[in-house]
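**Q** Structure for this input, please:
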Amino acid sequence: MVTAICKEVCVNINSVTIIIPTLNEGKNIEKIISKLRSLGYTNILIIDGKSNDETVNVAKEMGANVIIQEGIGKGDALRQALRYDGLSDLIIIMDADGSMDPNEIPAFLSPLETGEADITKGSRFLGHGFSEDMTLLRRFGNSVFVFLVNNFFSTNYTDLCYGFAAFKKEAIMKLLPSLKSKKFEIETEIFVKARKMGLQIVEVPSVEYKRMNGRSNLKTFRDGFKILGLILQEAL
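**A** Numbering: from 1, shown residues only. Predicted coordinates for the structure are as follows:
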């Protein structure tokens with residue numbers, strides 16, 4: 001029997017791979033995997049950045065596939081995971097801190113299944129979307145980056161620095177050779193280069209909750225300047 005999720009369209013659960021980069025998320029990852037599995041998702045791929053806590057053991061015990069990151073940084077982790085041989089036809093990327101709700105996944109997959117999009121990206125500033133975990137400084141930086149990308153690349157994004165997204169596998173295969181980012185600028189690089197390649201991108205509203213446990217590895221100024229540099233480099 002084929003299990004499917006149905007919202008606007010029906011999606012075969014077995015055609016979806018969930019990719020989650022982790023680094024010392026042992027207190028969060030069990031809850032996230034448990035929620036995903038309760039919704040029927042079984043193809044869960046953890047790319048771990050050499051955690052020194054229980055993250056890897058917990059993920060394996062929960063039935064997830066685990067690969068150990070060769071390099072360092074979120075961008076490096078995602079690039080390695082996207083080269084994984086066992087990827088399904090539809091791919092979700094999401095964070096390991098509990099800030100992203102797996103119940104939103106059908107809304108991300110629907111535009112891919114209907115052919116409306118090659119990539120679906122979450123937006124915290126569209127429709128009912130919002131963030132519980134964004135400082136005024138980060139909000140300002142994100143708005144500046146959105147303004148620059150929209151003007152340089154003729155996009156109409158409402159959000160940029162947010163890592164909840166869905167892809168058709170063929171879109172990933174087209175993007176992957178050009179992706180170079182090693183850290184948190186990877187999301188910006190994906191959405192800028194996808195636009196430059198003519199891929200169809202749709203935004204869907206998303207709610208970002210506060211992380212469940214632990215501290216973020218993102219550094220506002222360090223990573224903000226990397227994102228700005230990437231935008232300017234791609235524009236020039």
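**Q** Quick check: mean pLDDT of the helix of greatest length in the chain?
**A** Secondary structure assigned by DSSP state H gives helix 136-153 as the longest helix of the chain. For helix 136-153, the mean pLDDT works out to 94.
**Q** What of stretch 28-38?
**A** Rounded mean pLDDT across stretch 28-38 is 96.
**Q** Any buried residues in it, and which?
**A** 28, 29, 30, 32, 33, 36 (16 or more other Cβ atoms under 10 Å). Glycine gets a C-beta too; all of them are placed from N, C-alpha and C.
**Q** Output it as CSV, nothing but the C-alphas.
**A** What follows is stretch 28-38, C-alpha atoms only, in CSV (Å, rounded to 0.1, in the frame of the first residue of the first chain):
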residue,chain,number,x,y,z
ASN,A,28,16.5,18.2,19.6
ILE,A,29,17.0,15.5,17.0
GLU,A,30,14.9,12.8,18.6
LYS,A,31,11.8,15.0,18.7
ILE,A,32,12.3,16.1,15.1
ILE,A,33,12.8,12.6,13.7
SER,A,34,9.9,11.3,15.8
LYS,A,35,7.6,13.9,14.4
LEU,A,36,8.7,13.3,10.9
ARG,A,37,8.1,9.5,11.3
SER,A,38,4.7,10.1,12.8
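**Q** Residues touching it, excluding its own?
**A** The contact list for stretch 28-38 (Cβ atoms under 8 Å, 6 or more residues apart in numbering) reads 18, 20, 22, 44, 46, 55, 58-59, 62-64, 96-98, 102, 211-214.
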